[in-house]
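Chemist: take this sequence and fold it.
(chains A and B)
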Amino acid sequence: MSRVIALAGNPNCGKTTLFNRLTGSSQKVGNWPGVTIDRKEGRIKSIGAVLVDLPGIYSLSPYSPEEVVSRDFLLDSRPDAIINIVDATNMERNLYLTSQILDMGIPTVIALNMMDTVRKDGTVIDTEKLSKALGCRVVGISALKGEGMEELLEAVSSADEAPSPVRLSGPLEKSISEISENLRDKVPEEHLRWYSVKALERDVLAIERIGDSWNKISEIIEKLEKEEDEESDSLVASERYGSISDIVASSVKTKRTSGSYTTSDKIDRIVTHRWLGLPIFAGVMFLVYYISITTVGGWGTDWVNDVFFGEWAIPGAASWLEGMAVDPVLSAFIVDGLIAGVGAVLGFLPQMLVLFVLLVILEDSGYMARIAFVMDRVFRRFGLSGKSFIPILIGTGCGVPGIMASRTIESERDRRITAMTTTFIPCSAKLPIIALIAGALFGGSALVALASYFIGVLAILLSGIILKKWPSLSGTPSEFIMELPPYHVPGIATVIRSTFEKGWAFVRKAGTFILLACGIVWFLSAFDWSMSMVGDINDSMLADIGNAITWIFVPLGWGDEWQFSVGTITGLLAKENVVGTFGVLFGFSEVAESGDEIWPIIAAMLTPIAGFSFLVFNLLCAPCFAAIGAMRRELGTWKATGAAVLYQCLLAYAVSMVIFQIGSLLIYGTFGIWTVAAFATVALIAYILVSKEPFARYRHKTSEAAA
Amino acid sequence: MATLREVACGGSAKVVRICAQGPMRKRIMDMGITKGCTVIVRKVAPLGDPMEVCVRGYELSLRKSEAEAIEVE
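Modeler: The predicted structure follows:
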């Protein structure tokens, strides 16, 4: 049986870099049971051990799922050793977690990371002294540069003794001993210290496990609190830090005086400056889009669409199949259905990859935290926090990683609401729909894109208010205590790895869902119910299906022709499909990403306001299946996911209807029963936004469901 | 009593008591803001909230409403 080693440490201390270095390509990602948190595991080949990556945590409190999952793993699964990664440039706060880990009695090795930065600063750390003071081995490393790895692994292999815990003050240690006496028979010997200290802190999870001994222990604690005139949890926290402070002072000689400005602070002076902060942020965002969509990414996409598919793949495949005398039906299926469809999608890959690279750099460099810092005020108004902005930002590239990024939000409620609303912001797959409507009906005006993003953000903010009033999602306001990590230049390896992972997820999506969708759409559009090929697409199965459901969208202005409802439905498989489908339906085997060829057709079928309504519906309604899958992972149950999708579709329907009806009233003066319905919808939404408990009648049902 | 919220930018203060309760209390203390420690207020975000402080050698951001729960002198 190979040894199991846990890797624990603060967020932003290089844990991921270390994990990647130690496990290489042997990583597997799974899930911690009962929660939506990633569980990464890998093999350290050189010492034949399994390394389990615990989530980045600042402490082992009983409150956040990441901390609870970590505690439970360390206590119940009892790894053979722990590697506690500590950021040498931020030792005091990092060692706070360490002091708790050491209480657990598991052999621990401290990997003191970022030693390269420490040397550059001129700071000197005596790891021997540190080791002695902390009671376990301390190995200086640089995960980024790969220094100290051998020594670390050697220390881990030979770690087999329980470390000595960090001692607190006299009075506290006395109370801890007294508590231990009471717990001696209730908990395993090696966990005695852990439970005693946690009990002293009045830790709710520890109290649960202790059971009836609590009364006696409670008396001990109250006696201490009276003597020291301070609450016990405050005592423990300040003394942990007090001991750590002494330990650090004796082993670290730094040139920096406390409170002085680091390079990061100097950068922040400008970047989060009172007046410059927002314009700089706008500038950074613009640059990201300019590089990924307009220039570098755009050039790549154009090449893929025009050259790779336009000149090589499609004509090449067509003539090759012809040369092989393949049945023309099958040939058409392959070329016009599969290749053309998938091609329209893969054409996006260059833009997406460039966007992902830029977003990963923003995140790793530490700038993302500043974005949350700057945007918090705006989001707080709508019941969320600045941390909700980051998933939205990533969602502009692709909703799947965007939804997954909502994991960094600690508040359960905020996390769920963010996961449900991230896809309102147009992702890069929706850009072709925007380009299509803008080009066909608005003369290519950039205002269409601007309006789309604006409506997306508005939908998110308003949803924040609306959903907060839903009983199962309401509760105490979220907190926003967040570290602003020092800036650092992201490692190339990490950037490439992250980008590759995200890009590969996109390609897989293209490979499976979209291939399937294109194949099915082509098939349904080429055959009628008797399974014979049709000459006119209006005789096909797809036309019948489209005609059958198109009435639903009549109030939205685009229900008169069936192709639009079909386009919307294929959009469920992948938003890129909408334009691709129109291509197939209107008889083009290959369309440009903005659908230039079909502009005249669209213009003949829709008024501009109807086209805009169609656009908005597709922007807000249920996202593609891959994103729905990502939501399922974050929300935990299909029921919750279904509810979320329903909410999105209802909101999309309401907003599109209001846009079309009231827009038509203002532009063309048309008035009808649906105009009245549109006004009623506006009134309903206004009511929900303003009233205190608009969903009071559902409070009963949801609490019953929860019980 | 004075709270962290009232400390001016550039100023520093010593923590006297954490008035918050529950998860927020734990979070504040876990992040290093404990009785007796010195907190330096760096700045306030461009839109007026949250604020950035320096505690135990690193930078932390928290809302003014959260800073109100920290008594200082």
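Chemist: you'd agree A:V489 is up against A:I361?
Modeler: No. A:V489 is beyond contact range of A:I361, at 9.2 Å (criterion: CB atoms under 8 Å). Yep, even glycine has a C-beta here, placed from its N, CA and C like the rest.
Chemist: of those two, who's got more company?
Modeler: A:I361 (18 against 9; other CB atoms under 10 Å in any protein chain shown).
Chemist: run a quick neighbour tally on the closest residue to A:K468 other than its chain neighbours.
Modeler: The shortest distance from A:K468 to any non-neighbouring residue, by CB to CB, 6 or more residues apart in numbering or on different chains, is to A:G383 (4.2 Å). Counted with other CB under 10 Å, residues neighbouring A:G383 total 22.
Chemist: tell me the pLDDT of A:G383.
Modeler: We have a pLDDT of 78 for A:G383.
Chemist: quick one, what contacts it?
Modeler: Residues in contact with A:G383 (CB atoms under 8 Å, 6 or more residues apart in numbering or on different chains) are A:417, A:464-465, A:468, A:477.
Chemist: helix, strand, or coil at it?
Modeler: coil (DSSP: H, G, I helix; E, B strand; the rest coil).
Chemist: any idea how far it lies from chain B?
Modeler: The spacing between A:G383 and chain B, counted by CB to the nearest CB, to the nearest Å, is 13 Å.
Chemist: ok, and the closest non-adjacent residue to whichever residue of the stretch 51-200 of chain A sits closest to chain B?
Modeler: In the stretch 51-200 of chain A, no residue comes nearer to chain B than A:S59, which is 3.8 Å away by CB to the nearest CB. Spatial nearest neighbour of A:S59, chain neighbours left out: B:D30 (3.8 Å); criterion: CB to CB, 6+ apart.
Chemist: CA atoms only: put the lengthiest helix in chain B into CSV for me.
Modeler: In chain B, ranked by residue count with DSSP state H as the criterion, the top helix is helix B:22-30. In CSV, the C-alpha atoms belonging to helix B:22-30 read as follows (Å, rounded to 0.1, in the frame of the first residue of the first chain):
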residue,chain,number,x,y,z
GLY,B,22,-20.3,33.7,14.2
PRO,B,23,-18.5,32.9,10.9
MET,B,24,-17.5,36.5,10.3
ARG,B,25,-15.8,36.7,13.7
LYS,B,26,-13.8,33.6,13.0
ARG,B,27,-12.9,34.8,9.6
ILE,B,28,-11.6,38.2,10.9
MET,B,29,-9.5,36.5,13.5
ASP,B,30,-8.3,33.7,11.2
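Chemist: show me where chain B has helices.
Modeler: Applying DSSP H to chain B gives helices spanning B:22-30, B:64-67.
Chemist: tell me, how many residues neighbour A:E181?
Modeler: With other CB under 10 Å as criterion, A:E181 counts 13.
Chemist: so who does residue 14 touch?
Modeler: The chain I'm using is chain A. Contacts of A:G14 (CB under 8 Å, 6+ apart): A:85, A:87, A:113-114, A:143-144.
Chemist: correction: the question concerned chain B.
Modeler: Applying CB under 8 Å, 6+ apart to B:K14 gives the contacts B:36-39, B:72-73.
Chemist: any quick PyMOL command for the buried ones out of the residues you listed?
Modeler: Selection of buried members from the contacts of B:K14 for PyMOL, criterion 16 or more other CB atoms under 10 Å in any protein chain shown:
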select buried, chain B and resi 37+39+72
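Chemist: now the contacts of B:K14 in CSV, with pLDDT?
Modeler: Listed next are those as CSV, based on pLDDT from 0 to 100:
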residue, pLDDT
B:G36, 91
B:C37, 93
B:T38, 94
B:V39, 95
B:V72, 93
B:E73, 90
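Chemist: ok, back up a step: backbone torsions only: list them for the residue nearest to A:K468.
Modeler: phi 80, psi 0 (degrees, to the nearest 10).
Chemist: can I assume the residue of the stretch 51-200 of chain A closest to chain B sits in a helix?
Modeler: No. Inclusion of A:S59 in a helix is not indicated when three-state DSSP is applied; the result is coil.
Chemist: what's the local residue count around the nearest residue to A:Y241 once chain neighbours are set aside?
Modeler: Residue nearest to A:Y241 in three dimensions, not counting chain neighbours: B:T34, with 5.4 Å by CB to CB, 6+ apart. The number of residues packed near B:T34 is 23, by other CB under 10 Å.
Chemist: repeat that for A:V4.
Modeler: Neighbours of A:V4 using other CB under 10 Å come to 16.
Chemist: just the pLDDT at A:M482, thanks.
Modeler: On the pLDDT scale, A:M482 gets 89.
Chemist: who does it bridge with?
Modeler: Beta bridges link A:M482 to B:S61 when assigned by DSSP bridges.
Chemist: if we can go back for a sec, residues in contact with the longest helix of chain B?
Modeler: Here helix B:22-30 has contacts from A:58-59, A:61, A:63-64, A:96, A:233-234, A:237-238, A:479, A:481, B:18, B:20, B:62, B:66, B:69-70, using CB under 8 Å, 6+ apart.
Chemist: cool, thanks, talk later.
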